[in-house]
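>>> take this sequence and fold it.
(2 chains)
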Number of protein chains: 2
Amino acid sequence: MPYPDAAATHLTPAEDAVPADLLALDATDPLARTRDLFSLPDSVLYLDGNSLGALPAHVPDRVAQVVTREWGDQLIRSWTGDAAWMTLPDRVAARLAPLLGARPEQVAVSDSTSVNLFKLLSAALHLQDTASGGTRRVILTDADNFPTDLYVAQGLNALLRDRYELRRVPALDLAGAFGPDVAVLLATEVDYRTGERLDLPGLTRDAHAHGVLTVWDLAHSAGAFPLDLRAADVDFALGCGYKFLNGGPGAPSFVYVSERHLEGVPAFLSGWMGHAEPFEMAREYRPAAGARRFVVGTPGVLNLAALDAALEVFGDVDLHALRTKSLGLTDTFIRLMAPVAARHGLTLVTPLEHARRGSQVSYRHARAGELMTHLIRAGVIGDYRTPDILRFGFTPLYLSYADTYRAAQRTGAVLDAVLGAAQVQA
Amino acid sequence: MPYPDAAATHLTPAEDAVPADLLALDATDPLARTRDLFSLPDSVLYLDGNSLGALPAHVPDRVAQVVTREWGDQLIRSWTGDAAWMTLPDRVAARLAPLLGARPEQVAVSDSTSVNLFKLLSAALHLQDTASGGTRRVILTDADNFPTDLYVAQGLNALLRDRYELRRVPALDLAGAFGPDVAVLLATEVDYRTGERLDLPGLTRDAHAHGVLTVWDLAHSAGAFPLDLRAADVDFALGCGYKFLNGGPGAPSFVYVSERHLEGVPAFLSGWMGHAEPFEMAREYRPAAGARRFVVGTPGVLNLAALDAALEVFGDVDLHALRTKSLGLTDTFIRLMAPVAARHGLTLVTPLEHARRGSQVSYRHARAGELMTHLIRAGVIGDYRTPDILRFGFTPLYLSYADTYRAAQRTGAVLDAVLGAAQVQA
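The predicted structure follows:
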């Protein structure tokens, strides 16, 4: 093994010989400065920001302040005093809104992605039942949707005594699967395994043409490229705070609600923090205005504050420049990996077409799990997804073209060592 | 005003003259040493640990380690590496179990109290439907239950198209309200306003005698006194991580499930973290063994780790000694406050009988909100609960008899100043 527990700081001559064209791209990269906003160890080539975003450098201070000053010193006074924890979910929502193409009141930040999906799917089904008189009984979803999306739909349907049918079709067949029996399309914009990006505006338009409401999971979208949910007329969306938004492990998730539904959308997970007047302690639930009703119980302030601070990084980032760089990095990786893939029988499963690509590159290989273990040990941190996917995520905020070059070089070397340099494509 | 923004470090002569009998109680207090485990400012008399527990002194280091080392340096590897975030919910549950009188596999730690209530109430109703053939359609609850408990029941029932009736009766009438139409008793052991403690074992026994399942909210119980949920044969329970457990703002909540239901209890909020094999990424939901199925989505690791560390404080605490001290402190406060209450027309609403008292003392007064604002400004931190409750919580882990004396002295002085020293009971 050439890289037993190697660190990326110990570069081989090949890894160090970054081609001039890539160095030139780094030199003119408008996002180059954001790398310094992260506390990312030099010892790794981190291609897993789509699983857990790196730590923004100022987050530890913010969290320490929340713990020692706001909790420790100010104690209960922080709910309504200077720290104003009561409105922290709203402030985080306001920071996030521009990344989604949303108004602040359309966004709520709380709970996990799974719990938020339950809120939105139950609300969408209810609205559809009311509108359709109960004739639409199908939840249409991508057969390869992230498991938790399927589980939440299964759990909700079991609670509703199997009122609905969960119809799972391949992602590319979704557009042809709308019909008068379909209540809701539940789809994830970017497939967590292949990195394939669906046509969110197109599918939303098609869905609406058939009277279908849309619930979009943006786990691998938010913070990875610009979103314009209002322009796309998306009904409901949700996503993850800890991937491309860098909010930290288990950061709260967000929900988005179309202005069309904002007034009447039911919050069946109705808790006191989503009440119009929490401290009124009224016996009857009365939803807060806008998406705030989807904040249910007392928010986990430490994680919420970490996400709040992390989102500062996006303050003046041009999301179109971010997208351009993301495509540049993934194009570069695909190109550099092409001979490695050919040599070792890796099958690229991420679309080459830009419009159909998220911010990751994935390959299939029968020994993917074992290979990723070796790669991680060698300092190239991607991840393995069952049954046979090697996944490499690209976060333009902290990855350079040089990093991308080195990651491809080292991946090739590790695969050569593990699989044999002379191996021919299977 | 005698105490404009006064600090408890500036004691008046009267406040400093702690009677010898109270000093003697402090001198022999077996819990005296735990005060030093907290980072509680000397400038306040903190009687609000039942709203937000004080900061255990070692928590900031633990949180800093999670942020900088586990997240920042180890990144995604912390899910399965040394930090083992995947099993952190189980480790916190195991720490908590002895405080509840539970086995570790009966406890799950995740989400907010409101969300956990939804999980348990939906599960209990489903089990009851199956057992009763759908004849039991009443959710019986305390009319003065904490609002979120009522809201969650309302929201769940709305989702289930008003299948159930939410029947709210005064707490003291619950015992007589069981009948063949009642599915579930949803009750909070200690009333958040009055501090009255219900007879949990007795009500559970009565409920079972009538075929009713029990869901107990232990928000003001867990960590405040010993619990023996197994002995009481409680079906389901849940509670708060940030009150007497000191887990920090928005700490995750816990659920408890009777061994009788552990095998078959449905988790309708079914997410990937509650799956039997999360990384299998299977399309079909298969619940994890035991209460772990109630961990839904990715847990908020910062808040969860803070709770984990906070629970270390309970490591060798004798909960019976804790209860003894709690009753001693509240007895003392009630006694010392008696002349103040008489002078100013405060009505004690907390029961004198020990068995019926939680770990707080509450009074009614028409100007309660205004009075609490003055008290907080003077360094006596309790809280106000609508419409007319002054609430003082007592956490034996960090409060002494001397603190209790000083708090009563200062409360009397502040009320004298605000209401007039000569005022006679209304």
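
>>> CA atoms for contacts and neighbours, from now on please.
Will do.

>>> now the residue lying closest to A:G369 once chain neighbours are set aside, what are its backbone angles?
In space, A:G369 comes closest to A:Y384 once its chain neighbours are excluded; the distance is 5.5 Å by C-alpha to C-alpha, 6 or more residues apart in numbering or on different chains. The phi and psi values for A:Y384, taken as degrees, to the nearest 10, are phi -100, psi 130.

>>> just A:G290 next, same as before
The phi/psi pair for A:G290 (degrees, to the nearest 10) is phi 60, psi -160.

>>> okay, now it: neighbour count?
For A:G290, the count of nearby residues is 23 (other C-alpha atoms under 10 Å in any protein chain shown).

>>> from chain B, how far off is it?
A:G290 is 17 Å from chain B, where distance means C-alpha to the nearest C-alpha, to the nearest Å.

>>> from A:W272, how far off is that residue?
15 Å (C-alpha to C-alpha, to the nearest Å).

>>> what of A:E280?
Counting by C-alpha to C-alpha - A:E280 and A:W272 are separated by 10 Å.

>>> could you say what helices and strands the longest strand seen in chain A packs with?
The strand that spans the most residues within chain A, counting by DSSP state E, is strand A:182-188. Judged by 3 or more C-alpha pairs under 8 Å, 6 or more residues apart in numbering or on different chains; DSSP states H and E, strand A:182-188 is in contact with helix A:113-132, strand A:138-142, strand A:213-217.

>>> try 6 Å this time
Strand A:182-188 sits against strand A:138-142, strand A:213-217, with contacts defined as 3 or more C-alpha pairs under 6 Å, 6 or more residues apart in numbering or on different chains; DSSP states H and E.

>>> care to break chain A down by domain?
A:13-57+A:318-419, A:84-314 (automatic domain parsing).

>>> flag every residue of the stretch 251-400 of chain A that's near chain B.
For the stretch 251-400 of chain A, the residues in contact with chain B (C-alpha under 6 Å from any C-alpha of the partner chain) are A:251, A:268-272, A:281, A:283, A:285, A:297-303.

>>> widest-spaced pair of those residues?
A:A251 and A:R283 (30.9 Å; C-alpha to C-alpha).

>>> which one of those two is surrounded by more residues?
Counted by other C-alpha under 10 Å, A:A251 and A:R283 do not tie: A:A251 has more neighbours, with 33 against 15.

>>> and B:D316, which of the helices and strands packed on strand A:182-188 is closest to it?
strand A:213-217 (45.4 Å).

>>> quick one: check that closest one for contact with chain B.
No - judged by C-alpha under 6 Å from any C-alpha, strand A:213-217 stays clear of chain B, getting no closer than 14.0 Å.

>>> ok so, going back, any idea which helix or strand comes after the longest strand of chain A?
Downstream of strand A:182-188, the next assigned helix or strand under DSSP states H and E is helix A:200-209.

>>> could you list the buried residues of that next one?
A:200, A:203-208 (16 or more other C-alpha atoms under 10 Å in any protein chain shown).

>>> for the residues you listed, give me TSV that also has pLDDT and distance to A:S39.
Shown next, in TSV, are these (pLDDT from 0 to 100; distance: C-alpha to C-alpha, whole Å):
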residue	pLDDT	distance to A:S39
A:L200	98	33
A:L203	98	38
A:T204	98	38
A:R205	98	41
A:D206	98	43
A:A207	98	42
A:H208	98	44
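
>>> state the distance from the residue nearest to A:A305 when sequence neighbours are not counted to A:W79.
What sits nearest to A:A305 in space, not counting adjacent residues and going by C-alpha to C-alpha, 6+ apart, is A:V63, at 6.7 Å. Distance, A:V63 to A:W79, using C-alpha to C-alpha: 16 Å.

>>> who has more neighbours out of these two?
Ranked by neighbour count (other C-alpha under 10 Å), A:V63 and A:W79 place A:V63 first, with 25 against 19.

>>> got the phi and psi for the more buried one?
Per degrees, to the nearest 10, the backbone of A:V63 is at phi -70, psi -40.

>>> got the CA coordinates for the helix or strand containing A:D26 in CSV?
Secondary structure assignment for A:D26, by DSSP H and E: helix A:20-27. Presented in CSV, the C-alpha positions along helix A:20-27 are these (Å, rounded to 0.1, in the frame of the first residue of the first chain):
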residue,chain,number,x,y,z
ALA,A,20,-0.8,25.0,-15.0
ASP,A,21,-4.3,25.3,-16.4
LEU,A,22,-5.7,24.2,-13.0
LEU,A,23,-3.5,26.5,-11.1
ALA,A,24,-4.7,29.3,-13.3
LEU,A,25,-8.3,28.4,-12.5
ASP,A,26,-7.5,28.6,-8.8
ALA,A,27,-5.7,31.9,-9.3
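
>>> go through that helix and flag the buried ones.
Those would be A:22-23, A:25-26, for helix A:20-27 by 16+ other C-alpha under 10 Å.

>>> let me know the closest of the buried residues of helix A:200-209 to B:A402.
Nearest member of the buried residues of helix A:200-209 to B:A402, counting by C-alpha to C-alpha, is A:L200, at 64.3 Å.

>>> assumed A:R391 was part of a helix.
No - if the criterion is DSSP: H, G, I helix; E, B strand; the rest coil, then A:R391 is strand and not within a helix.

>>> what's the spacing between it and chain B?
13 Å.

>>> so what's that residue up against?
A:362, A:382-383 (C-alpha atoms under 6 Å, 6 or more residues apart in numbering or on different chains).

>>> picking up where we left off before, most neighbours per residue, which of the domains of chain A?
Mean neighbour count (mean count of other C-alpha atoms under 10 Å in any protein chain shown) peaks for domain A:84-314 among those, with a mean of 22.

>>> chain A: helices as residue ranges?
A:13-16, A:20-27, A:59-64, A:88-100, A:113-132, A:147-159, A:200-209, A:259-262, A:301-311, A:319-344, A:368-377, A:401-419 (DSSP state H).

>>> got the CA positions of the fourth one in PDB?
Listed in PDB are the C-alpha atoms of helix A:88-100, where the atom choice follows Å, rounded to 0.1, in the frame of the first residue of the first chain:
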ATOM      1  CA  LEU A  88     -33.400  32.500  16.500                       C
ATOM      2  CA  PRO A  89     -35.300  30.100  14.200                       C
ATOM      3  CA  ASP A  90     -36.700  33.000  12.300                       C
ATOM      4  CA  ARG A  91     -33.300  34.700  12.000                       C
ATOM      5  CA  VAL A  92     -31.800  31.500  10.600                       C
ATOM      6  CA  ALA A  93     -34.700  31.200   8.200                       C
ATOM      7  CA  ALA A  94     -34.100  34.700   7.000                       C
ATOM      8  CA  ARG A  95     -30.500  33.900   6.300                       C
ATOM      9  CA  LEU A  96     -31.400  30.800   4.400                       C
ATOM     10  CA  ALA A  97     -34.200  32.300   2.300                       C
ATOM     11  CA  PRO A  98     -32.000  33.900  -0.400                       C
ATOM     12  CA  LEU A  99     -30.300  30.500  -0.900                       C
ATOM     13  CA  LEU A 100     -33.700  29.000  -1.800                       C
END
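
>>> residues contacting the closest residue to A:A97 other than its chain neighbours?
Distances taken as C-alpha to C-alpha, 6+ apart put A:P104 closest to A:A97, at 5.3 Å, once the chain neighbours are dropped. A:P104 is in contact with A:93-94, A:97, counting by C-alpha under 6 Å, 6+ apart.

>>> quick one: pLDDT of A:P104?
The confidence metric pLDDT takes the value 98 at A:P104.

>>> got it, and A:A408?
Model confidence at A:A408, expressed as pLDDT, equals 98.

>>> equivalent analysis for the one 3 residues further on, please.
Reading off the per-residue confidence, A:T411 sits at a pLDDT of 98.

>>> for B:A219, see how far away it is.
51 Å.

>>> kindly report the same for A:V63.
Taking C-alpha to C-alpha, one finds A:V63 at 26 Å from B:A219.

>>> over to A:L37?
Distance from A:L37 to B:A219, by C-alpha to C-alpha: 40 Å.

>>> A:S110 now?
Distance from A:S110 to B:A219, by C-alpha to C-alpha: 20 Å.

>>> swap in A:Y384?
In terms of C-alpha to C-alpha, A:Y384 sits 40 Å off from B:A219.
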